[in-house]
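When you get a sec, could you give me coordinates for this:
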Amino acid sequence: KKILHFVTVFVLCISFIIGATYTVFAASVYEEYNCFTQQKKSYTTHNWEQVNETPSYLVTDNSNYDIQPYQVVDDCNLALIDTPTVSPITRACCQIACLFPNGKYVYGSAVMIGPSTALTAAHCVYKSEWGGYAKGVSVAPARYLSNRPYGYTHSSKISIPTAFKTNTSHGNDIAVLNLQTAIGNKSGYIGCKVISPYTMIDSYNCSIEINGYPGSGYYADLSEQYTKLGEMWGMGGDCIYASGKKMRYTIDTFPGMSGAGIVTHTYGVSYPFITGVHDGYPTNITRYNWGTRIDNEYLTWINGLLK
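Next up is the predicted model:
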């Protein structure tokens, strides 16, 4: 197993778009869903922040740059996707930027599942130790470096399972973002579906892929290059376990890829579905990563929020 290389580089903070600023508005509505009582809880806020988009610097403290866990299984087989607008699958893949109440400004991934709805991981948008919910989330489908071919929009509502607040395990680590504009009508989006565990682990009839946005400075063995902020990277592979709200796979990931949709292809079906979101990995096991699986309960919850 090769050792994952990290690069620590101190560079001047250079904006991708010099002097560019944009407003990250707070999600005006927060909603939590209790899987056990099937009850919803909502409340509103009216906070907002003006922030500079200067993400081209390499932050040496990863906790201030990426809250996303990751793991490379054996060699890194992630591939650079330098033309994400070519495929309808990668067009729906998004980079998200999240501003938290304590000032942390971090990046993650998401996937468009409706004209104005995206799916991501709960830990990308909620951190109790950082003040709770992100004050604002910007969403840019198919971003590549400084190019945002479909522009960007912001969250209007963040929804997570209530259970995530007390149990951050990957079965609870999922979030729905309702957006201020229907950017999915430009980028396209991928529908969610429940696929049986038996089909998910049948490597002859089912395969998955994960595409997302790593941070800067992670070494990809296959490509023999380091990742850059704003680049999309992805990999295909097999699901090796699926049960209830949990799934496992041997697909490599880097920090920043949490929240990426688990795109699932099944034999005889010409289009894919989203069957879960990537969350992280078990710290004591080095053979797989894991995600939160969409089961019937989650699909009903997601469809109730879909716009």
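
Can you list the buried residues in stretch 161-168?
By neighbour count, with 16 or more other CB atoms under 10 Å as the criterion, the buried positions of stretch 161-168 are Pro161, Thr162, Ala163, Phe164, Thr168. Yep, even glycine has a C-beta here, placed from its N, CA and C like the rest.

repeat for stretch 187-206
For stretch 187-206, the neighbour count (16+ other CB under 10 Å) marks Ser187, Gly188, Tyr189, Ile190, Cys192, Val194, Ile195, Pro197, Met200, Ile201, Asp202, Cys206 as buried.

For that stretch, measure first residue to last.
Start and end residues of stretch 187-206 are separated by 25 Å (CA to CA, to the nearest Å).

before we move on, what about stretch 275-294?
5 Å.

swap in stretch 268-276?
Distance between the two ends of stretch 268-276: 21 Å, counting by CA to CA.

For that stretch, list every residue counted as buried.
For stretch 268-276, the buried set under the neighbour-count rule, 16+ other CB under 10 Å, comprises Pro272, Phe273, Ile274, Thr275, Gly276.

Can you tell me what sits against the helix or strand where Ile208 lies?
Here Ile208 is covered by strand 206-212, with elements defined by DSSP states H and E. Among residues not part of strand 206-212, those counted as contacts by CB atoms under 8 Å, 6 or more residues apart in numbering are 81, 84, 89-90, 93, 109, 195, 199-200, 232-239, 249, 251, 253, 256-267, 275, 278.

Please narrow these to those residing in strands.
Of the positions in these, 81, 93, 109, 232-237, 239, 249, 261-266, 275, 278 sit in strands, assigned by DSSP state E.

What's the PyMOL syntax to select whichever of the contacts of strand 206-212 are buried?
PyMOL command restricting the contacts of strand 206-212 to the buried ones, with burial defined by 16+ other CB under 10 Å:
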select buried, resi 81+84+89+90+93+109+195+200+232+233+234+235+237+238+239+249+251+253+256+257+258+259+260+261+262+263+264+265+266+275+278
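
Quick check, Trp290 in contact with Ile251.
No. Between Trp290 and Ile251 there is no contact under CB atoms under 8 Å: 10.2 Å.

which phi and psi does His123 have?
phi -70, psi -10 (degrees, to the nearest 10).

which stretches of this structure form helices?
The residue ranges that make up the helices of the chain, judged by DSSP state H, are 88-91, 122-125, 184-187, 197-200, 296-305.

got CSV for the ones you listed, with mean pLDDT too?
Listed next are those as CSV, based on pLDDT from 0 to 100:
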stretch, mean pLDDT
helix 88-91, 95
helix 122-125, 94
helix 184-187, 96
helix 197-200, 95
helix 296-305, 95
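
Packed most tightly, which of those helices would that be?
Ranked by average neighbour count under the criterion mean count of other CB atoms under 10 Å, the helices of the chain are headed by helix 122-125 at a mean of 27.

Show me what that one packs onto, helices and strands only.
Using 3 or more CB pairs under 8 Å, 6 or more residues apart in numbering; DSSP states H and E as the contact definition, the elements that helix 122-125 packs against are strand 93-99, strand 105-114, strand 153-161, strand 175-179.

Those into a markdown table, with extra columns for mean pLDDT and distance to Tyr126?
Conversion of the helices and strands packed on helix 122-125 to a markdown table gives the following (pLDDT from 0 to 100; distance: least, CB to CB, whole Å):
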| stretch | mean pLDDT | distance to Tyr126 |
| --- | --- | --- |
| strand 93-99 | 96 | 9 |
| strand 105-114 | 95 | 12 |
| strand 153-161 | 95 | 6 |
| strand 175-179 | 96 | 7 |
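
Could you measure from the nearest residue to Gly215 once chain neighbours are set aside over to Ser138?
Among residues not flanking Gly215 along the chain, Gly256 sits closest, at 4.5 Å (CB to CB, 6 or more residues apart in numbering). Summarising the geometry, the distance separating Gly256 from Ser138, computed by CB to CB, to the nearest Å, is 14 Å.

got any ranges where the stretch 101-250 of the chain has weak pLDDT?
Counting by pLDDT under 70, the stretch 101-250 of the chain contains low-confidence ranges at 221-223.

Do I have it right that Ala151 meets Ala140?
One correction, residue 151 is Gly, not Ala. Yes. Under the criterion of CB under 8 Å, Gly151 makes contact with Ala140 at 7.4 Å.

Which among the helices of the chain is found nearest to Cys98?
When those are compared for distance to Cys98 using CB to CB, the nearest one is helix 122-125, at 5.8 Å.
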